[in-house]
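Asker: Can you look at this prediction? I've put the sequence above it.
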Amino acid sequence: MSATLFVNLPVKDLKRSEAFFTALGLPFFAATEDMAAVMVSEQAQIMLLTEPAFAEYSRTEIADPTKTTQVILVLGMQNKAEVDEIAEKAAAAGAAPVGEASDDGFRYRRGFTDLDGHHWTALCLATPA
């Protein structure tokens, strides 16, 4: 079975979030007044929803990602250069770094929070020898 993953994220300012993800080099599939679809791959999309639109789908209160962590969104990159590139683009677009770059010989990763405080990690895995 093959499925497409849609991750829904509440955002305070949709236009600001669209500009942020555009600065990362991620294309958009579609947008309306209250949501926009960021294409991560053919099988994964990030759905940015204004907080009122997100609340229509949620059974519980929307968490404040600047105070709690429910999920860490990981972007699998091909190599260290791509990890560095997207982390640097994120910083230039206003993201805050999360920790230092980490390289344990098997994984290289850099974390950041987007403009709404959602935690992201760019990661590449070493190819086994």
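Answerer: Thanks, I have the structure now. Numbers count the residues shown, from 1 in each chain.
Asker: Poorly predicted segments of this structure, please.
Answerer: The chain contains residues with pLDDT under 70 at 1, 128-129.
Asker: Sort out which residues of the longest helix that it contains are buried, please.
Answerer: Ranked by residue count and defined by DSSP state H, the top helix of the chain is helix 80-92. Across helix 80-92, burial judged by 16 or more other CB atoms under 10 Å covers 80, 82-84, 86-87, 89-90. Every residue, glycine included, has its C-beta placed from N, CA and C.
Asker: CA-only coordinates of that helix in PDB, if you can.
Answerer: Presented in PDB, the C-alpha positions along helix 80-92 are these (Å, rounded to 0.1, in the frame of the first residue of the first chain):
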ATOM      1  CA  LYS A  80      24.900  17.100   4.700                       C
ATOM      2  CA  ALA A  81      25.000  20.000   2.200                       C
ATOM      3  CA  GLU A  82      21.300  19.800   1.800                       C
ATOM      4  CA  VAL A  83      20.800  19.700   5.600                       C
ATOM      5  CA  ASP A  84      22.900  22.800   6.000                       C
ATOM      6  CA  GLU A  85      21.200  24.600   3.000                       C
ATOM      7  CA  ILE A  86      17.700  24.200   4.300                       C
ATOM      8  CA  ALA A  87      18.700  25.100   7.900                       C
ATOM      9  CA  GLU A  88      20.400  28.200   6.700                       C
ATOM     10  CA  LYS A  89      17.500  29.200   4.500                       C
ATOM     11  CA  ALA A  90      15.200  28.700   7.500                       C
ATOM     12  CA  ALA A  91      17.400  30.900   9.700                       C
ATOM     13  CA  ALA A  92      17.500  33.600   7.000                       C
END
